[in-house]
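Undergrad: The following block contains a protein sequence and its predicted model.
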Amino acid sequence: MTSLALDATLADIETVFNGCASPGESACGVCHLPEEAAYLRTPHLRIPADVLRMYTFEVSDHFDDQAAAMRRLLPQGARALVMGEMEPLGIGFHGLAVVDWRAWPAEQYAAVEAFVLTWWQDVLAAPEPPYWIVEIFELCASVLRSVTPLLDGWHASPVADTHLVQCVDRWLEKLLNDDSPFGWFLYGEKAAVPELRAWLSRHAPARLRAQGEPDLAIRAELLALPYDERWAHPYWTSPSVTN
């Protein structure tokens with residue numbers, strides 16, 4: 001069940017991108033059937049779910065005009081994403097993370113941004129999101145090319161903090177080693193990793209302790225230290241670690 005705010009952004013996507021198509025699109029003649037590429041050229045026609053997902057996560061060199069193709073896919077694609085019909089998320093780059101949608105007309109740009117941010121808020125409030133929370137975060141961050149708006153909106157609540165535990169548990173090993181925890185973050189990753197590390201060290205520990213995760217909380221605090229100090233910390237020889 002979606003919120004009224006998310007329903008409104010989905011309706012806006014459907015209105016703003018209604019009738020969009022990629023008129024000259026031939027797609028990849030080796031990988032795609034002619035009738036599949038025809039959906040990209042033809043507005044309004046309902047796209048089969050498997051074709052919708054394939055083109056949403058297709059590589060860029062399989063399109064004549066990927067931006068136009070994404071505008072064609074968005075009315076169905078945004079709703080399918082929200083409804084959990086784009087599984088698995090972690091295979092391939094979402095087309096919105098590749099195309100420069102911020103250069104689209106203002107109405108289209110605003111509709112995409114509002115959708116991503118509103119969906120993230122819905123996900124944070126959902127005890128059982130349609131996909132793994134770690135994958136949703138990375139998809140949204142890769143589309144926005146920034147983790148900033150996602151972290152700014154990650155306010156404390158019992159459900160949101162349960163999601164935080166899952167993410168921190170997944171991310172900490174890489175972050176403690178100054179590596180990226182992301183698998184398919186195309187643009188903005190270099191800035192996103194230190195920002196995520198800093199945010200977690202400041203905001204996560206108290207919330208993790210409240211969730212009964214004291215070890216995760218301590219390790220999150222260690223992210224604030226320089227690399228050598230981080231690994232020389234007494235925590236690593238404490239009984240809680242060995243247990």
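TA: Yep, it's here. Residues are numbered from 1 along each chain as shown.

Undergrad: What segments of this structure are helices?
TA: Ranges of helices in the chain, per DSSP state H, are 4-16, 34-41, 49-56, 66-82, 106-124, 133-144, 148-152, 158-176, 189-210, 214-222, 227-232, 239-242.

Undergrad: Buried residues in the longest one, which are they?
TA: If you call a residue buried by 16 or more other C-beta atoms under 10 Å, then helix 189-210 has these buried ones: 189, 192-193, 196-197, 199-201, 203-205, 207-208. Just so you know, the C-beta spots here come from the backbone N, C-alpha and C atoms, and that holds for glycine as well.

Undergrad: Distance-wise, check W199 relative to L216.
TA: According to C-beta to C-beta, to the nearest Å, W199 stands 15 Å off from L216.

Undergrad: what's the answer for V59, then?
TA: As judged by C-beta to C-beta, V59 and L216 stand 36 Å apart.

Undergrad: one step back: which one of the buried residues of helix 189-210 is nearest A224?
TA: Using C-beta to C-beta, S201 comes nearest to A224 of those, at 3.8 Å.

Undergrad: ok, that closest one - contacts?
TA: A220, E221, L222, L223, A224 (C-beta atoms under 8 Å, 6 or more residues apart in numbering).

Undergrad: who touches stretch 29-46?
TA: With C-beta under 8 Å, 6+ apart, stretch 29-46 has contacts from 18-27, 47-48, 51, 54-55, 62, 68-69, 72-73, 76.

Undergrad: Can you get me the start-to-end distance on it?
TA: 21 Å (C-alpha to C-alpha, to the nearest Å).

Undergrad: ditto for stretch 132-151
TA: 17 Å.

Undergrad: To G92, which of the helices of the chain lies closest?
TA: If we rank the helices of the chain by C-beta to C-beta, the stretch that ends up nearest is helix 49-56, at 8.5 Å.

Undergrad: and the closest one, which residues are buried?
TA: So helix 49-56, judged by 16+ other C-beta under 10 Å, has buried residues V51, L52, R53, M54, Y55, T56.

Undergrad: now swap in stretch 97-104 and tell me
TA: Buried residues in stretch 97-104 (16+ other C-beta under 10 Å): A97, V98, V99, W101, W104.

Undergrad: related to what we said a few turns ago, could you dump the buried residues of helix 49-56 to TSV with pLDDT and distance to C31?
TA: Formatted as TSV, the buried residues of helix 49-56 follow (pLDDT from 0 to 100; distance: C-beta to C-beta, whole Å):
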residue	pLDDT	distance to C31
V51	96	12
L52	97	15
R53	95	14
M54	94	9
Y55	95	11
T56	96	14
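
Undergrad: nearest to G84, of the residues you listed?
TA: R53 (11.6 Å).

Undergrad: if I look at the closest one, how far off is I133?
TA: In terms of C-beta to C-beta, R53 sits 20 Å off from I133.

Undergrad: Ok, L4 next?
TA: 22 Å.

Undergrad: Settle it for me: which of those two has more neighbours?
TA: Set side by side, L4 and I133 show more neighbours around I133, with 19 against 6, by other C-beta atoms under 10 Å.

Undergrad: For S201, see how far away the closest residue to G77 other than its chain neighbours is.
TA: Closest residue to G77 apart from its sequence neighbours, by C-beta to C-beta, 6 or more residues apart in numbering: T56 at 5.3 Å. Shown here: T56 relative to S201, a distance of 35 Å by C-beta to C-beta.

Undergrad: show me what contacts the residue nearest the centre of the chain?
TA: In the chain, the centroid-proximal residue (C-alpha atoms, centre = their mean) is L139; its distance is 1.9 Å. Residues in contact with L139 (C-beta under 8 Å, 6+ apart) are L89, H94, A97.

Undergrad: Done for today, thanks.
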